[in-house]
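Asks: Give the three-dimensional model of this entry:
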Amino acid sequence: MSHQTNPRSRIALRLAIVAICVFGGCDPASSHSFSPARLIALEGQEDLQCPKTNQMSPVLFCQAIVNRSGKVQGDTATFCFGNLGYDENRARFLRSKVVRSNFVPAKVDGEEVRVYVSFRVFFQEKEDSCNVTVLPNLGTQQDEFGLQYFSPQEIYKDGGWLGRIERRNRSRGKDIWSTDARHRGVAFSMSVAVDDLGAASDGRVEGNNFAPQNSVELAVRSLEMSHFIPAIVDGKPHRARYFEYLYIRRR
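Replies: Alright, predicted model coming up:
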């Protein structure tokens, strides 16, 4: 014989749970589960050659849009960059491998979500071969978390933070990234603090090369409006900073 809970009893139970949480009896972080997008394997990794550079361990950084099925979206927001003697061909070649790679998709509360993922690719020559290692972060907090932590991943909706401000300014007929003809393009970096529930705050400009200051400030505010899968350290959500880089070639 089945038993059904009286509707009034269900309401009373919910109110009791709320009261317990209000008075500190439950952990708010337990109300959500997070799983970051994870690279299965870098496609064509064996084709990558070590850069000829004086650096001990040259590295390229990549950011990629990963959709709900784990495929990489070949949008201009998916790109690679690094300080390897302005070797843009090498960065473009790495990007061509990234867009063909597969990820385990990110999830929030068991539901797949599209995210913007940051990672870095190390190159190390060993005898006649080139060892390639992929780490799931940009390394900005490796002293605190170690090498293998997952940095925060922006939950990518409507073109992300950049899509929001570009739509806003396109409707006003403005090019917010315009720069004078002496400069090849504009570039800047910024960061936000992401808590263990994925909320962003404390936006900062980390560096700026020729980008208009009001545009950069607008970008920081837009990034603060984004929601994230928090950093994952030892399998658990963790407060960490999220770093974003942008380079726009002058048209």
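
Asks: Read off the pLDDT value for Met9.
Replies: Small correction: residue 9 is Ser, not Met. Ser9 carries a pLDDT value of 48.

Asks: what do you get for the one 3 residues further on?
Replies: Ala12 is assigned 45 on the pLDDT scale.

Asks: what do you get for Asp234?
Replies: For Asp234, the model assigns a pLDDT of 94.

Asks: gap between it and Val117?
Replies: Distance from Asp234 to Val117, counting by CB to CB, to the nearest Å: 19 Å. C-beta here means a position set from N, CA and C on the backbone, and glycine is covered the same way.

Asks: for Gly198, same thing?
Replies: Taken as CB to CB, the span from Gly198 to Val117 is 15 Å.

Asks: Neighbour count for the two, which is higher?
Replies: Neighbour totals were compared for Gly198 and Val117, and Val117 leads with 27 against 20 (other CB atoms under 10 Å).

Asks: Relative to the helix or strand harbouring the more buried one, what are the paired strands and their orientations?
Replies: Per DSSP states H and E: Val117 is located in strand 115-126. With DSSP bridges as the test, strand 115-126 is paired with strand 59-66 (antiparallel), strand 129-135 (antiparallel), strand 153-155 (antiparallel).

Asks: worst average pLDDT in these?
Replies: strand 129-135 - the lowest mean pLDDT of the strands paired with strand 115-126, at a mean of 89.

Asks: how far does that strand sit from the chain's center?
Replies: 21 Å (CA atoms, centre = their mean, to the nearest Å).

Asks: List the buried residues of it.
Replies: With burial defined by 16 or more other CB atoms under 10 Å, the residues of strand 129-135 counted as buried are Cys130, Val132, Leu135.

Asks: For the residues you listed, could you give me JSON lines that also reports distance to Ile40?
Replies: As requested, those are exported to JSON lines (distance: CB to CB, whole Å):
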{"residue": "Cys130", "distance to Ile40": "21"}
{"residue": "Val132", "distance to Ile40": "15"}
{"residue": "Leu135", "distance to Ile40": "15"}
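
Asks: Return the closest of these with respect to Ser96.
Replies: Ranked by distance to Ser96 (CB to CB), the buried residues of strand 129-135 are led by Val132 at 14.6 Å.

Asks: Roughly how far does that closest one sit from Leu42?
Replies: Val132 is 7 Å from Leu42, by CB to CB.
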